[in-house]
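*Asks:* Structure of the sequence below:
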Amino acid sequence: MTATFIVIAFVLVQAAVAASLTSVSRSPSSPATPAFSHETSTPTPLCRKRAPAIRSTVVDRRLATWGHQDALAVPRTRTGFRERVAIGCAYLRWIRGHWTTLADSTWRDLVELRDPRAAIAHVFGVYASEAIAVSSCETGGTFDVWASNGQYLGLFQMGSSERRTYGHGSTALAQARAAWRYFVASGRDWSPWSCRP
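*Replies:* Presented below is the predicted three-dimensional model:
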């Protein structure tokens, strides 16, 4: 009896899903995209005049977003928007708002990671508390990206041969990434550092 009930419930759920799928229009836009008639509407003269500037802003904001995402070492946001063929200004303005929001949020993420502790936590993940303790010890608690002790530089006081092998940079994020590569190469062990967690 219970098995029969489960089968009937499953069939009813499938029927409801199928009914909802047939009622949804099959537009090429993503589900989050508002329903604009962007390819069939006739543009107004004012829209024809403003469209190139809006398209230019979309491209600028997309490139800014991708630049921020590259710096954060996260995958780029894929785009399915067709602003080059879009006619309606409402659709173009929506795309511009979408990429502006993404650019702003990725910029905030990038600015937040300028704080050395945030950058270390972002890069080291589950090893973050250990890495922060090592960096604190290595820099004398200052978390200064310019800290130096002879040939040893940065948040993790890496020597010249380690910097050459694993990289280095002037930002906390770049130095944390270099230290992560060194940490992984050493078997996820803190033995290369004089300070340990």
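*Asks:* Show me how the record splits this structure into domains.
*Replies:* Annotated domains of the chain cover 35-112, 116-185 [automatic domain parsing].
*Asks:* Of those, which stretch is the most buried?
*Replies:* domain 116-185 (a mean of 18; mean count of other Cβ atoms under 10 Å). (C-beta placed from N, C-alpha, C; glycine too.)
*Asks:* you'd agree A128 is up against A121?
*Replies:* Yes: under the criterion of Cβ atoms under 8 Å, A128 makes contact with A121 at 4.1 Å.
*Asks:* and A179, what element?
*Replies:* helix 172-185 (DSSP states H and E).
*Asks:* Please compute how far that helix lies from its chain's middle.
*Replies:* On the basis of Cα atoms, centre = their mean, to the nearest Å, helix 172-185 sits 19 Å off its chain's mean C-alpha point.
*Asks:* Then stretch 56-75?
*Replies:* Centroid separation between stretch 56-75 and its chain, computed with Cα atoms, centre = their mean, is 9 Å.
*Asks:* Over to stretch 129-136?
*Replies:* The mean C-alpha position of stretch 129-136 is separated from the chain mean by 24 Å, Cα atoms, centre = their mean.
*Asks:* pLDDT averaged over it - what is it?
*Replies:* For stretch 129-136, mean pLDDT is 94.
*Asks:* Give me the below-cutoff pLDDT ranges for the chain.
*Replies:* 1-46, 81-87 (pLDDT under 70).
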